[in-house]
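[1] Any chance you can model this:
(chains A and B)
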Amino acid sequence: MTTENNTNLLKRGAYVFLSLAVLTILEFFIATGRVAASIPLMALIMIGKAALVVQYYMHLGKTLQMDAAEAHE
Amino acid sequence: MSTLAHDSKYQLVTRRLGLWLFILSESMIFIALLFTRFLMQGVYRPEELNQTLGLGITTILLISSFTANRAEVRIAQGDRTGFLRNLAITIILGLVFLVVVVAVEWPEALHFAPPSTGYGTLFFAITGMHAFHVLTGLIILIIIFFQGKRGQYSPEDHWGAESGVVYWHFVDVVWIFVYPILYLFGP
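    Residues are numbered from 1 along each chain as shown, chains lettered A, B, ... in the order given. Have a look, this model is predicted:
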């Protein structure tokens, strides 16, 4: 892994965190009635947040890609 | 690719898959608990729930995931100081989360949702199971911290640190579901 790659990963980590923060605040405002309340909307945000963490922090995509590459070798 | 490099890559692939299978099996516990919430209580939510506290502890856990990610990237870069610093912040944030849940959240919830009530049973079962996972995650991160301090892990081989960090993110993902389902969903 190169230093440049790592710098990009740090930046990406920060963007993911900012997205999670914004989505959490939005969730809070929806629930406390400051935005039109909607459980399906909150559920959508919840799934979106989980997907961000799983994909970019837990590297599920990378794990699956590595597995597929291994199967072809 | 040489046999040694191939073996090492194969080992990493199987380790990562093994960890994901473990995470999947752990998820089943929480999926069952969270579905029980809707089966037993629908979308009922006590008015007395401390929303500010819920948002506060959620923020703490999200920041801890951010620093855990930075720790992982730092060790992949060979920056041990950055790795240890970010891991230490993650551990401190995890401890703060655990202390606030156990010492502030639970005593408050005991007043309006004791475990003898439907919502109380769910609230303490779900947050209790999550707190237990936070505790185990913290133990893992503390072990990784001291191993890192002793010089273990390198940019080429840091599977131990990576797996601990991934487990910590799993704890965060669980809370991403627990927080709205327990605190926010409601009429």
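[2] quick one: contacts for the residue in chain B positioned nearest to chain A?
    Closest approach of chain B to chain A (Cβ to the nearest Cβ) occurs at residue B:184, with a separation of 3.5 Å. (Glycine included, C-beta is placed from N, CA and C.) By Cβ atoms under 8 Å, 6 or more residues apart in numbering or on different chains, the contact list for residue B:184 reads A:27, A:28, A:30, A:31, A:42, B:45, B:51, B:54.
[3] Which residues are in contact with the fourth one?
    Right, residue A:31. With contacts taken as Cβ under 8 Å, 6+ apart, residue A:31 has the following neighbours: A:37, A:42, B:51, B:180, B:183, B:184, B:185, B:186.
[4] Give the residue spans of chain A that score low on pLDDT.
    Along chain A, segments meeting pLDDT under 70 span A:1-4, A:34-37, A:66-73.
[5] follow-up on the earlier one: which of the contacts of residue B:184 sits closest to residue B:78?
    When those are compared for distance to residue B:78 (Cβ to Cβ), residue A:27 wins out at 37.7 Å.
[6] quick one: what helix or strand has residue 64 in it?
    All of this is about chain A. Here residue A:64 is covered by helix A:60-72, with elements defined by DSSP states H and E.
[7] should've been chain B
    Taking DSSP H and E as the definition, residue B:64 sits inside helix B:51-77.
[8] and the following helix or strand past that helix, which residues are buried?
    With elements assigned by DSSP H and E, the helix or strand that comes after helix B:51-77 is helix B:80-100. For helix B:80-100, burial by neighbour count (16 or more other Cβ atoms under 10 Å in any protein chain shown) applies to B:80, B:82-84, B:86-91, B:93-98.
[9] quick one: which of the residues you listed is nearest residue B:149?
    So of the buried residues of helix B:80-100, ranked by how close each gets to residue B:149 (Cβ to Cβ), first place is residue B:84, at 6.2 Å.
[10] What sits closest to that closest one if chain neighbours are left out?
    residue B:148 (5.6 Å; Cβ to Cβ, 6 or more residues apart in numbering or on different chains).
[11] Was I right to think that neighbour contacts residue B:161?
    Yes - under the criterion of Cβ atoms under 8 Å, residue B:148 is in contact with residue B:161, at a separation of 6.6 Å.
[12] So for the two, which sits in the more crowded spot?
    With other Cβ atoms under 10 Å in any protein chain shown as the criterion, residue B:148 and residue B:161 differ in neighbour count, and residue B:161 comes out ahead with 25 against 20.
[13] Could you pick out the buried ones from the contacts of residue B:184?
    With neighbours counted by 16+ other Cβ under 10 Å, the contacts of residue B:184 contain buried members at A:27, A:28, A:30, A:31, A:42, B:45, B:54.
[14] mind putting the residues you listed in TSV, secondary structure included?
    TSV is the format used below for the buried ones among the contacts of residue B:184 (DSSP: H, G, I helix; E, B strand; the rest coil):
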residue	secondary structure
A:27	helix
A:28	helix
A:30	helix
A:31	helix
A:42	helix
B:45	coil
B:54	helix
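[15] Near chain B, which residues of chain A? Just list them.
    A:1, A:3, A:6, A:9-10, A:13-14, A:16-17, A:20-21, A:24, A:27-28, A:30-32, A:39, A:42-43, A:45-46, A:49-50, A:53-54, A:56-60, A:63, A:66-67, A:70, A:73 (Cβ under 8 Å from any Cβ of the partner chain).
[16] quick one: buried residues of stretch A:15-26?
    Judged by neighbour count using 16+ other Cβ under 10 Å, the buried positions of stretch A:15-26 are A:16, A:17, A:20, A:21, A:23, A:24.
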